[in-house]
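Enquirer: build me a model from this:
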Amino acid sequence: MGFSWGEADSVLFLPNGRIRMRRKLTSAKSVENTHEKSVWTIAWIPTMKAWPAFLLTGSLNEIVKFWRPDELAFWRINADHFLGVVSMAVHPPNVIAASGSIDSLIRVLDVDTNVVSVTFEASP
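Expert: This next block holds a predicted model:
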């Protein structure tokens, strides 16, 4: 059962680490054990000419994971933080994403290469 970003009705992150996406007028599809610890933040990268849509999830296990939302299939991981990831943002035209964590770091990464291009550090 696949669906596109435009058909997604809602995304739920359950305390047990599961992701549940609801489609309009249909039942939910879910993935278990998405992260070892609680998911605190999500971001969408919309479909573009050369890219499918992606769902990014950030967790207290210091990891950002990339998912293909049409299948809820895991695609890639970025584990550059030292403490839990609590915020994310994306800039679709340039296909970059930023993640912020409790370690007081904001990391900007290129989604294509999964390489961190800039790190901002703030006082705790």
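Enquirer: pLDDT at D112, what is it?
Expert: Residue-level confidence at D112 comes out at 84, pLDDT.
Enquirer: I'd guessed it sits against N94; true?
Expert: No: contact between D112 and N94 fails when scored by CB atoms under 8 Å: they sit 9.9 Å apart. Every residue, glycine included, has its C-beta placed from N, CA and C.
Enquirer: A50: helix or strand, and which one exactly?
Expert: Using DSSP states H and E, no element contains A50; it sits outside every helix and strand.
Enquirer: residues in contact with it?
Expert: By CB atoms under 8 Å, 6 or more residues apart in numbering, the contact set of A50 is empty.
Enquirer: pLDDT score assigned to it?
Expert: 74.
Enquirer: now it: how far from L109?
Expert: Between A50 and L109 the distance is 17 Å, computed by CB to CB, to the nearest Å.
Enquirer: next: N61.
Expert: N61 is 17 Å from L109, by CB to CB.
Enquirer: likewise M88?
Expert: 10 Å.
Enquirer: spit out the residues that contact these two alike.
Expert: In contact with both M88 and L109: A97, A98, S99, using CB under 8 Å, 6+ apart.
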